[in-house]
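> Following is a predicted model, sequence given first.
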Amino acid sequence: MGGPQKVQVWSKNDDTLLLEFSWCLLEIPSTGNPWQSLDIVFQLESPSNKVVEPFHSHDDIYLLHLDHETPPKRLYQNLSARPKHSTCSETYRPLAKGYIVRSDIVPLRLRDSQYVEAALSFAETLESYSGRSIALSDANDLPALFSTATASLLLRHDSERGSNAEFEALSLAVESELENRLSFPWILPGAARRRTLVLVDGNSAHPDKCGTGYGFYLVAIELGINLVVLDNAGHWLEGPDYAHWREAFIPTRLTNPPEEDLANRIVESVKAYGKPVDGIITFADSFWVYVARAAQQLGLQTSSQDAFRIATNKYLTSVFVGNEAYCASSLDEALDIAKKPELSYPLIVKPCDGWSSEGVSRVDSLDALTMAINAIDTSRHGSEFVIEKYCAGPEIDGNFVLLDGKVLFFEVCDDFPKSADINGPSVGSLTIFHELDSVYLSALPSQEINLLRNSFLDTLLKLGLKDGIMHLEGRVEYSSVEYKPTQSGGLDLCPCDDTNKPTKQQPTAWLIEINPRPLGMTGSQIVESTYGIDYWGLALLIAVDDKPRVHALSQPFKHGAQHTCIMVFISTDYPSSCQGIFDSEDICADLMARRPDLAKHISRCTCLVKRGQKVPHPSSGFNTFLAYFNVFSRAGRDEALNLARQVRKEVRYSFV
């Protein structure tokens, strides 16, 4: 392909030459995949002392001088990692005709790849491709190579001076990796069109205040879905700073608990928008009934109001699946219920309209029942609560992607015992259900996972919930496994010891709650990296009835989960002598800097609080977290659990 070419990186501040690379194109035979791969080797050269007039740009820190009129923006974004030695970059262009399912699909599916240092998409939203390959005549024109590519990968290479043979072997390994990760139609035939979706409740957590819900808006942009947001006047999305994240903002009075005329207000706001919309959605459980009512009035697709009323009310859900459950709205009513002979301790008390496990307690006595009821924050969750039996089996989260009543994707994770569980960790006198560790993949026996899938799916379909992302929480009663101490010093699922049991009960599925929405943004990230499935993007596509893209993006990696991953929740904790003022910097950045050996096993992490912020203690009824870490292992569950324990142990923070 000719001799090596040069790339120079200049300082934006003082026009000094910072780096110089030579580059050349490797000639590697086609692997037969439905995309064209071009392998470019960049070799770091010694800085040059000769004076060269650089091209000025004001968009990026580093500038390139390529003897062209304009430096290629896509190229210097790709080189921004500033490799210290020789490295290899691959660019990709699809060989299918049609439009891309989402513009960031290649980086999305390459997260945590052992071969990829960085991934960058060049695709525009809903961009169409001709299916033609890049002409070899452009092979010596670096800007042309990048400008016609869909995405580029900066490959991980540790040798100081790599040989072409090493790069070719690396390239073939990456092609095999891509065959696993892109083994679905990510270029769809036909013409794409933008959709418009109404969102009721725009998420209250401001991005500048450690809110994570903003990721949802970025996903909508990648998918080409325009959002019309309905929320209270003064919401951070109403102003100009984040106007590019939404098509329109319609001030709409929202209260929690909702007022009875909410559906009418939603209809009025949608009509005030004045343009056609393709769907309507909310991710606030208490609004679903009203959104469904408004959707019916607007002629938009929706499940029934009754389905959402049952699914979002903990008491109605328990009764629907046949659990012995009782509803009360006062302490006196609860004390009368506790006298029923069919109820025996331990019991569960939880608000009918609850979220984030707030106000959920295990009670083992009459005094504990009184304390649990008094601890419910009725201003947040209303006065009604449910009393039912406590199921001691292993707890799980089960997530469905449903379309027309068919399961397109399903997965289960293990929720490790919490402070309220009989075999849970000791956290003082707290008997609450604060998240600690969620482990993907589940270690339940396959027959018990199938039991959960079939039982929960049957419940959803009987309710009439046939479309959407459904996040269910449950347990396996009489499971064949239980949590026991392991030789490594932690807990994990192990076969039950049945020698002291007079009878053998068959495992049964115990449903705790239904959430007709994806699990939280932070929780969904772990599914995205483990399986390549983005629940929030799928929820948007289902809501606008874009079935071709739903089918395409519901397909996990060809070879299954890429690793075992654990979401380590760092819960708020401090002694009663403290005021509850967080007195540390970013605890995630601190751990990653102190323990680079652990950092390489952390897929994502976020510190959710800032220095000087007052953080409620869990005993106040607010389940608050300081941070989370998604910790992964390619070696298996044992190593992942050990890494998670180390991460939890290494976290440093203080309160005043």
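Happy to help now that I have it.
> so residue 551 sits in a strand?
No - read with DSSP: H, G, I helix; E, B strand; the rest coil, residue 551 is helix and lies in no strand.
> which residues touch it?
Counting by CB atoms under 8 Å, 6 or more residues apart in numbering, residue 551 touches 403, 408. C-beta here means a position set from N, CA and C on the backbone, and glycine is covered the same way.
> Can you give me the distance of it to residue 194?
Counting by CB to CB, to the nearest Å, the gap between residue 551 and residue 194 amounts to 19 Å.
> again, but for residue 181
In this view, residue 181 and residue 194 are 27 Å apart by CB to CB.
> Neighbour count: the two, which is higher?
residue 181 (22 against 13; other CB atoms under 10 Å).
> Residue 109 is in contact with that one, correct?
Yes - using CB atoms under 8 Å, residue 181 makes contact with residue 109 at a distance of 4.3 Å.
> Which pLDDT value goes with residue 556?
pLDDT for residue 556: 98.
> and what of residue 213?
pLDDT, residue 213: 71.
> ok, now which ones touch it?
Going by CB under 8 Å, 6+ apart, residue 213 touches 203, 205, 521.
> Okay, it and residue 607: tell me how far apart.
In terms of CB to CB, residue 213 sits 16 Å off from residue 607.
> How about residue 448?
Relative to residue 607, residue 448 is positioned 36 Å away (CB to CB).
> Residue 24 sits in which helix or strand?
Following DSSP states H and E, one finds residue 24 within strand 17-26.
> Quick one: list the elements packing against that strand.
strand 5-11, strand 35-45, helix 164-181 (3 or more CB pairs under 8 Å, 6 or more residues apart in numbering; DSSP states H and E).
> can you rerun that using 10 Å?
Here strand 17-26 touches strand 5-11, strand 35-45, strand 62-65, strand 87-94, helix 142-147, helix 164-181, going by 3 or more CB pairs under 10 Å, 6 or more residues apart in numbering; DSSP states H and E.
> Export those as JSON lines, with columns for mean pLDDT and distance to residue 556.
JSON lines is the format used below for the helices and strands packed on strand 17-26 (pLDDT from 0 to 100; distance: least, CB to CB, whole Å):
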{"stretch": "strand 5-11", "mean pLDDT": "73", "distance to residue 556": "38"}
{"stretch": "strand 35-45", "mean pLDDT": "86", "distance to residue 556": "19"}
{"stretch": "strand 62-65", "mean pLDDT": "44", "distance to residue 556": "37"}
{"stretch": "strand 87-94", "mean pLDDT": "86", "distance to residue 556": "20"}
{"stretch": "helix 142-147", "mean pLDDT": "78", "distance to residue 556": "30"}
{"stretch": "helix 164-181", "mean pLDDT": "91", "distance to residue 556": "10"}
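> Out of those, indicate the one that is most buried.
The highest mean neighbour count among those, using mean count of other CB atoms under 10 Å, belongs to strand 87-94: a mean of 23.
> Off-centre distance for it?
In terms of CA atoms, centre = their mean, to the nearest Å, the centre of strand 87-94 is found 27 Å from the chain centre.
> Of the helices and strands packed on strand 17-26, which is nearest residue 602?
The closest of the helices and strands packed on strand 17-26 to residue 602 is helix 164-181. By CB to CB, the value is 20.4 Å.
> Tell me which of the helices and strands packed on strand 17-26 lies nearest to residue 353.
helix 164-181 (40.2 Å).
> possible to save the helices and strands packed on strand 17-26 as CSV with distance to residue 241?
Converted to CSV, the helices and strands packed on strand 17-26 look like this (distance: least, CB to CB, whole Å):
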stretch, distance to residue 241
strand 5-11, 30
strand 35-45, 37
strand 62-65, 27
strand 87-94, 34
helix 142-147, 31
helix 164-181, 35
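> Residue 203 contacts residue 227, correct?
No - between residue 203 and residue 227 there is no contact under CB atoms under 10 Å: 11.3 Å.
> shared neighbours of the two, anything?
Jointly contacting residue 203 and residue 227 under the rule CB atoms under 10 Å, 6 or more residues apart in numbering are 216-217, 237.
> Save these as JSON lines, and put in distance to residue 558 and pLDDT too.
JSON lines is the format used below for the shared contacts of residue 203 and residue 227 (distance: CB to CB, whole Å; pLDDT from 0 to 100):
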{"residue": "216", "distance to residue 558": "27", "pLDDT": "89"}
{"residue": "217", "distance to residue 558": "30", "pLDDT": "94"}
{"residue": "237", "distance to residue 558": "38", "pLDDT": "94"}
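> Which one of those is nearest to residue 652?
Closest to residue 652, out of all of those and judged by CB to CB, is residue 216, at 30.9 Å.
> and that closest one, that's in a strand?
No - secondary structure of residue 216 (three-state DSSP): helix, not part of a strand.
> Need the three-state assignment for the residue nearest to residue 128 when sequence neighbours are not counted.
Distance criterion CB to CB, 6 or more residues apart in numbering; nearest residue to residue 128, sequence neighbours excluded, is residue 99 at 4.7 Å. Under the three-state scheme (three-state DSSP), residue 99 adopts strand.
> got a list of what the nearest residue to residue 233 once chain neighbours are set aside touches?
Counting by CB to CB, 6+ apart, residue 233 lies nearest to residue 251, which is 4.0 Å off, once chain neighbours are set aside. Residue 251 sits next to 229-235, 238, 269, 272 when contact means CB under 10 Å, 6+ apart.
> could you dump the residues you listed to a markdown table with secondary structure, neighbour count and distance to residue 649?
Supplementary listing: these in a markdown table, determined by DSSP: H, G, I helix; E, B strand; the rest coil; neighbours: other CB atoms under 10 Å; distance: CB to CB, whole Å:
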| residue | secondary structure | neighbour count | distance to residue 649 |
| --- | --- | --- | --- |
| 229 | strand | 25 | 42 |
| 230 | strand | 28 | 44 |
| 231 | strand | 22 | 41 |
| 232 | coil | 14 | 42 |
| 233 | coil | 10 | 46 |
| 234 | coil | 8 | 42 |
| 235 | coil | 20 | 40 |
| 238 | coil | 18 | 43 |
| 269 | helix | 21 | 50 |
| 272 | helix | 12 | 54 |
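> Point out where the stretch 301-450 of the chain drops to low pLDDT.
Low-confidence segments of the stretch 301-450 of the chain (pLDDT under 70): 419-435.
> per-residue confidence at residue 653?
96.
> That one and residue 628: what is the separation?
14 Å.
> With neighbour numbers in mind, choose between the two.
Using other CB under 10 Å as the criterion, residue 653 and residue 628 rank with residue 628 on top: 25 against 20.
> so that one touches residue 607, yeah?
Yes - contact between residue 628 and residue 607 holds when scored by CB under 10 Å: they sit 9.0 Å apart.
> ok, back up a step: of the shared contacts of residue 203 and residue 227, just say which sits nearest to residue 393.
Distances from residue 393 to the shared contacts of residue 203 and residue 227, taken by CB to CB, are shortest for residue 216, at 33.0 Å.
> coming back round to it: for the contacts of residue 213, pick the one with the most neighbours.
residue 203 (22 neighbours).
> Spatially nearest residue to that residue, not counting backbone neighbours?
Spatially, and ignoring its direct neighbours in sequence, residue 203 is nearest to residue 213 (3.5 Å; CB to CB, 6+ apart).
> Residue 282 now?
Nearest residue to residue 282 in three dimensions, chain neighbours excluded: residue 200, at 4.1 Å (CB to CB, 6+ apart).
> OK, contacts around that neighbour?
228-231, 252, 254, 262, 265-266, 269-270, 280-284, 287-288, 290-291, 294.
> Please tell me the pLDDT value assigned to it.
Residue-level confidence at residue 200 comes out at 98, pLDDT.
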